[in-house]
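Trainee: Mind folding the following:
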Amino acid sequence: MDNLILKEVEAIYKQLLDAWNNRDARGMADLFTEDGESIGFDGSQSIGREEIFSHLEPIFIHHPTARFLSKVKDVRFLSSETALLRAIAGMVPPDQSDINPKVNTHHTLVVVKNEGMWRIQLFQNTPAQFHGRPELVEKMTEEFRELL
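Mentor: Numbers count the residues shown, from 1 in each chain. Reported below is the predicted structural model:
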């Protein structure tokens, strides 16, 4: 795929994390297709922009959320208008300067081009706990520390 298109797909992921880091529920929700789906770290599922917004808004109002750092690992085009992005993400808690390894995660996005704009069809946030393999948690955490 064209390098420009690759950058567009990566940009929507960056916009998603920027909206999270800015505690902007509307900004996050508006990045999704009308029937887009978000699956949260805890397994919660929201379908549609308004449900995604309704799920996120109280989180931002009532909880001091951690800031995401991420590293895109792969972007694969399934067609000229559909892409799959995989990334790893870590979180820096409020008022701290280091990653909390307990909440490292894998991010998966399916993005589609709709009326000339890339939108998120699916965002899945899967814990990267690597049960029984602490060396993998540490390896991932070190990748994030390089970004700090």
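
Trainee: Next, the buried residues of the longest helix along the chain.
Mentor: Identified as the longest helix of the chain according to DSSP state H is helix 3-21. Buried residues in helix 3-21, counted by 16 or more other CB atoms under 10 Å: 5, 8-10, 12-13, 15-17, 19-20. The way it works is simple: take the backbone N, C-alpha and C, and place the C-beta from them, glycine included.

Trainee: go on, stretch 51-60?
Mentor: Buried-residue list, stretch 51-60, by 16+ other CB under 10 Å: 51-53, 55-57, 60.

Trainee: cool, stretch 108-121 as well?
Mentor: 109-113, 118-121.

Trainee: Which residues does it contact?
Mentor: 8-9, 11-13, 16, 31-33, 36-37, 80-87, 122-124, 126 (CB atoms under 8 Å, 6 or more residues apart in numbering).

Trainee: Kindly check the end-to-end length of it for me.
Mentor: The straight-line separation of the ends of stretch 108-121 (CA to CA, to the nearest Å) is 11 Å.

Trainee: Sort out which of the buried residues of stretch 108-121 are in helices and list them.
Mentor: Judged by DSSP H, helices contain none of these.
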